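Colleague: sequence below, structure please.
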Amino acid sequence: MRRVFTASLIFSLAILLIAGKIVGYVTDEYGSLTTACVRVKSEAFLKTTYTDWNGKFEIELPRGVYELEVSKGPEYERMTIDLKVEKDDQKEIWVELKRIVDLRRMGWFGGDAHLHTTYSDGRQGVEQVVLACSAVGLSWAFLTDHNTVMGKNEWLSLSNRGILTILGQEVTTKRGHLNALGIKELVEWEPADTDEDFERIFSKIRSQGGLVMIAHPFDPKNPFEKLHAQDFDLIEIWNGGAPPLVRRMGNVEAVEYWYSLLNKGKRIPGIANSDCHDVFSSYSMLGLLPIETVVQMLQEEIGDQEMLGYIVENEEWMRKWVLYGLLPGTPRTYVRVEELTPENVLESLKNGRSFMTNGPILLVDVNGMGPGEVVPASDRLQLNITVASNVPVNSLRVIQGGKTVYLLNFPDRHSLKCTLEVDPKDGDWLIVEVSGEFPVYALTNPVYLR
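Modeller: Numbering: from 1, shown residues only. A predicted model of the protein is given here:
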């Protein structure tokens with residue numbers, strides 16, 4: 001979904017009724033101004049914006065009562081402020097965001113390997129996308145426009161803004177999409193009709209030191225026609241263009257296929273990316289409109305009556321998902337590296353030293369070995385789990401060999417530590433999931449048990 005429909009029209013009409021201006025400044029716990037994401041909500045209104053590079057934002061609003069939310073990704077608390085805007089109001093506010101966990105000091109860095117700009121079908125230019133990535137707390141980001149690297153120089157020049165920018169390309173073919181990550185120049189995508197053609201494309205990516213990532217392989221609109229497990233380096237098991245944990249939208253099917261590969265001994269890591277085309281998440285307004293209006297607006301975009309019916313049947317999760325925000329880094333992948341460099345990010349992604357999330361921080365190890373690592377043979381395995389989250393979580397699941405071996409439900413909480421015993425006979429790989437109110441979710445890459 002790429003266009004802005006009635007939601008934008010409603011906002012445009014509301015602008016004509018502007019009553020006041022909010023000027024804000026965001027600082028970290030040390031008092032330093034910092035980039036951040038700002039969302040203003042009411043019962044019938046939602047606007048997403050960002051500070052500038054100096055931590056300042058300005059928002060003009062119609063008369064009304066609002067909730068203003070300021071955030072900077074999973075590692076920071078989310079601050080909410082109640083606002084009442086009257087005619088000719090001029091308000092100045094200061095917001096301090098405190099970290100709930102400093103993952104960088106622990107060697108974990110969050111990023112997004114699927115982002116678009118106006119050089120292909122994105123709605124914003126390069127600098128606005130990089131600013132948004134910084135504002136949501138990303139440490140690294142790949143530019144992956146469709147079949148072009150025209151934004152290369154501009155993208156790479158912004159690495160001096162505190163976020164590591166890396167070049168990529170979404171190689172877009174009629175048989176499916178794949179992301180070339182860490183390339184240096186354009187990857188020719190045609191022809192792409194046979195298996196030999198894809199072997200050639202994969203070879204060109206790897207000759208540049210890049211990784212081959214299969215993008216949204218089970219997307220109903222853009223499925224990957226034929227997967228070859230031995231050929232690709234990463235599989236996008238969670239694409240932000242569809243909700244997690246919901247069947248028939250592509251992500252659940254990708255996870256199940258991934259499990260089947262792991263059970264065949266294929267150590268291919270999963271990755272989660274936003275696939276963001278609009279950093280202002282204009283489609284989030286769909287969550288506030290009557291379902292009849294939503295269906296009418298999506299008729300032209302989707303066209304598939306069966307899928308539209310499915311959306312109507314599952315109206316509740318659709319609203320919650322779009323209101324959560326279709327933003328850069330939602331979801332994101334955290335990699336573990338000693339030093340943040342393009343080479344280290346690529347290596348960590350390839351080896352699965354990572355976890356994926358749209359909110360909760362999820363750190364696990366088995367006998368001291370984390371995701372992507374192999375646990376030495378032992379009759380006694382101890383699984384250690386630590387969760388820290390700025391949104392409540394209430395469920396934890398341990399999957400071993402594709403089967404659930406632990407399922408823990410608990411009242412909403414923002415932190416959790418637990419230790420569980422693992423029997424290696426239950427399967428030779430282990431993944432942990434944690435979730436809260438839909439669509440809050442996180443999962444790890446596998447720890448290998450032998």
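
Colleague: count the neighbours of residue 306 for me.
Modeller: 9 (other C-beta atoms under 10 Å). C-beta here means a position set from N, CA and C on the backbone, and glycine is covered the same way.

Colleague: and it, helix, strand or coil?
Modeller: helix (DSSP: H, G, I helix; E, B strand; the rest coil).

Colleague: measure it to residue 312 for me?
Modeller: 11 Å (C-beta to C-beta, to the nearest Å).

Colleague: for the two, list the residues in contact with both.
Modeller: Overlap of the contact sets of residue 306 and residue 312 (by C-beta atoms under 8 Å, 6 or more residues apart in numbering) is empty.

Colleague: wait, residue 156 touches residue 167, no?
Modeller: Yes. Counting by C-beta atoms under 8 Å, residue 156 touches residue 167, with 6.4 Å between them.

Colleague: what helix or strand does residue 59 sit in?
Modeller: In this assignment (DSSP states H and E), residue 59 forms part of strand 56-62.

Colleague: for the following helix or strand past that strand, name the packing helices and strands.
Modeller: Using DSSP H and E, the helix or strand that directly follows strand 56-62 along the chain is strand 64-71. In terms of contact count using 3 or more C-beta pairs under 8 Å, 6 or more residues apart in numbering; DSSP states H and E, strand 64-71 is assigned the packing partners strand 18-28, strand 37-42, strand 79-85, strand 89-97.

Colleague: now stretch 256-266: buried residues?
Modeller: 257-259, 261-262 (16 or more other C-beta atoms under 10 Å).

Colleague: what mean pLDDT does the strand holding residue 59 have?
Modeller: Per-residue pLDDT values across strand 56-62 average out to 95.

Colleague: just how off-centre is it within its chain?
Modeller: Remark: strand 56-62 is offset 26 Å from the chain centroid, using C-alpha atoms, centre = their mean, to the nearest Å.

Colleague: contacts for that strand, please.
Modeller: With C-beta under 8 Å, 6+ apart, strand 56-62 has contacts from 14-15, 17-26, 33, 36, 38, 40, 45, 47, 49-51, 83, 85.

Colleague: tabulate the CA atom coordinates of that strand in PDB.
Modeller: C-alpha atoms of strand 56-62 as PDB (Å, rounded to 0.1, in the frame of the first residue of the first chain):
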ATOM      1  CA  LYS A  56      13.400  20.300  17.500                       C
ATOM      2  CA  PHE A  57       9.900  19.700  16.100                       C
ATOM      3  CA  GLU A  58       7.000  22.000  15.300                       C
ATOM      4  CA  ILE A  59       3.400  20.800  14.800                       C
ATOM      5  CA  GLU A  60       0.300  22.900  13.900                       C
ATOM      6  CA  LEU A  61      -2.900  21.400  15.100                       C
ATOM      7  CA  PRO A  62      -6.700  22.200  14.900                       C
END
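
Colleague: got the angle for it vs strand 18-28?
Modeller: Interaxial angle, strand 56-62 versus strand 18-28 (axes from the mean of the first three to the mean of the last three C-alpha atoms, to 10 degrees): 150 degrees.

Colleague: can you give me the pLDDT of the closest residue to residue 335 other than its chain neighbours?
Modeller: Leaving aside its chain neighbours, residue 335 sits nearest to residue 348 (3.8 Å; criterion: C-beta to C-beta, 6 or more residues apart in numbering). Predicted confidence (pLDDT) for residue 348: 98.

Colleague: after the helix or strand residue 348 falls within, next one along is what?
Modeller: Element membership for residue 348 (DSSP H and E) is helix 342-351. Scanning forward in sequence from helix 342-351 by DSSP H and E, the next helix or strand is strand 354-357.

Colleague: contacts for that next one next, please.
Modeller: Outside strand 354-357, the residues within contact range by C-beta under 8 Å, 6+ apart are 74, 237-238, 269-272, 331-336, 348, 362-364, 371-372, 441-445.

Colleague: what about these, which are in strands?
Modeller: 237-238, 270-272, 332-336, 362-364, 441-444 (DSSP state E).

Colleague: any of the residues you listed buried? List them.
Modeller: 237-238, 270-272, 332-336, 362-364, 441-444.

Colleague: using PDB, write out every CA atom in stretch 387-398.
Modeller: As requested, the backbone C-alpha atoms of stretch 387-398 are provided in PDB (Å, rounded to 0.1, in the frame of the first residue of the first chain):
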ATOM      1  CA  VAL A 387      13.400  -9.100  28.200                       C
ATOM      2  CA  ALA A 388      13.300  -5.300  28.500                       C
ATOM      3  CA  SER A 389      10.500  -3.500  26.700                       C
ATOM      4  CA  ASN A 390       9.000   0.000  26.500                       C
ATOM      5  CA  VAL A 391       5.600  -1.700  25.600                       C
ATOM      6  CA  PRO A 392       4.100  -4.400  27.800                       C
ATOM      7  CA  VAL A 393       4.700  -8.000  27.000                       C
ATOM      8  CA  ASN A 394       2.700 -10.900  28.300                       C
ATOM      9  CA  SER A 395       3.700 -14.100  26.600                       C
ATOM     10  CA  LEU A 396       6.900 -16.100  26.000                       C
ATOM     11  CA  ARG A 397       7.400 -19.100  23.800                       C
ATOM     12  CA  VAL A 398      10.400 -21.400  23.300                       C
END
